[in-house]
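Sequence first, predicted coordinates after that:
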Amino acid sequence: MAWFKREKKGIITSTHEKKEAPDGIWNKCPECKKPLHYAEQVENKYVCHYCGYHLRIGSKEYFSVLFDNNEFTELFENIRSADPLNFTDTKQYTERLKESYAKTGLKDAIRAAHGTLKGHELVIACMDFNFIGGSMGSVVGEKIARSIDYCIEKKIPFLLISKSGGARMMEAAFSLMQMAKTSAKLALLSKAKIPYISLLTDPTTGGVTASYAMLGDINIAEPGALIGFAGPRVIKETIKKDLPKGFQTSEFVLEHGFLDFITDRREMKDKLATFLSMMKG
């Protein structure tokens, strides 16, 4: 009975004495379910070292992985979305935006920055899925357009990292217009003979796939990324047929000719540097 009545320190006798691990130090791989330590994730470029699953990350992490010494100058950072349609569904759009600002610390679903990658000057525009599902609204289109103008002016290659659920329904036609707007700007970039690399990550769907994500001089994807227009469930219900195994994964899309390469995130920086050297030459 002494074991149950022990008063001396040595074993934990109440739950309030337990030392909990700080939030974010550990999480679980969505694929193999094994625990991952945050420091190991950073060192391994946010790829599970057990199964190779590529964890979903945002612009902050991609910039740290790709820019030399994580040094860059952010571009057009103060552009924010308006509510031109006074959209109301279950919640006013302006309220949804305020919640997203507070939750993510982002101004919208994309950030753009100028820095160097292995010594090569580069502008990277990277989408953030945590901001309203990475949806493409007016700010996303405007930042991409301005980034392209910046690249043309400075004669710098452009890398666009897509991660999106598609068009932002709260902006309706204003959102859909961004498909044509960004495509037209990319045509100007091509005319200026400045390289454009498109990197598709998990997920890249909807109007983003139907526009700038598939217009790169080189289209690259990460392993296992979901890439498509409509979701698999919607397609299956529409055509009333079972879909092939691995449908809409980056491997399936590569096999059917829509991608040039699939590249592991841990090798991405070296591969991009090789592409930039080749295109400059």
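Structure received. Residues are numbered from 1 along each chain as shown.

in the stretch 101-250 of the chain, which ranges drop under the pLDDT threshold?
For the stretch 101-250 of the chain, applying pLDDT under 70 flags no range at all.

And the strands in it?
Using DSSP state E, counting those that start in this stretch, the strands of the stretch 101-250 of the chain run over residues 110-117, 120-127, 158-164, 196-204, 218-221.

Adding distance to F63 and mean neighbour count, write those strands out as TSV.
All C-beta atoms are positioned from the backbone trio N, CA, C, and that covers glycine. Shown next, in TSV, are the strands of the stretch 101-250 of the chain (distance: least, C-beta to C-beta, whole Å; neighbours: other C-beta atoms under 10 Å):
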stretch	distance to F63	mean neighbour count
strand 110-117	6	22
strand 120-127	7	22
strand 158-164	10	27
strand 196-204	13	25
strand 218-221	17	22
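
how about TSV for those, with distance to E99 added?
Listed next are these as TSV, based on distance: least, C-beta to C-beta, whole Å:
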stretch	distance to E99
strand 110-117	18
strand 120-127	19
strand 158-164	19
strand 196-204	22
strand 218-221	31
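
R233 is nearest to which of these?
Closest of the strands of the stretch 101-250 of the chain to R233 is strand 196-204, at 13.1 Å (criterion: C-beta to C-beta).

So which residues of the stretch 101-250 of the chain form helices?
For the stretch 101-250 of the chain, applying DSSP state H, counting those that start in this stretch gives helices covering 138-154, 172-191, 206-209, 232-239, 250-255.

quick revisit: mind checking which of the strands of the stretch 101-250 of the chain is nearest E255?
strand 218-221 (11.8 Å).

So which elements touch the closest one?
Other helices and strands packing on strand 218-221, by 3 or more C-beta pairs under 8 Å, 6 or more residues apart in numbering; DSSP states H and E, are strand 196-204, helix 250-255, strand 261-262, helix 265-280.

List the pairing partners of the shortest one within its sheet, with orientation.
Right, the one you point to is strand 261-262. Paired strands of strand 261-262, with direction, are strand 218-221 (parallel) (DSSP bridges).

Residues touching the strand it pairs with, excluding its own?
Contacting residues not belonging to strand 218-221 are listed as 195, 197-201, 204, 213, 227, 250, 253-254, 258-263, 268, 271, 275 [C-beta atoms under 8 Å, 6 or more residues apart in numbering].

Compute the distance between the nearest residue to D264 once chain neighbours are set aside and L55, please.
Using C-beta to C-beta, 6 or more residues apart in numbering and skipping the chain neighbours, the partner closest in space to D264 is P223 (6.3 Å). For P223, the distance to L55 (C-beta to C-beta, to the nearest Å) stands at 12 Å.

go on, H256?
H256 is 26 Å from L55, by C-beta to C-beta.

okay, those two: which has more neighbours?
L55 (18 against 8; other C-beta atoms under 10 Å).
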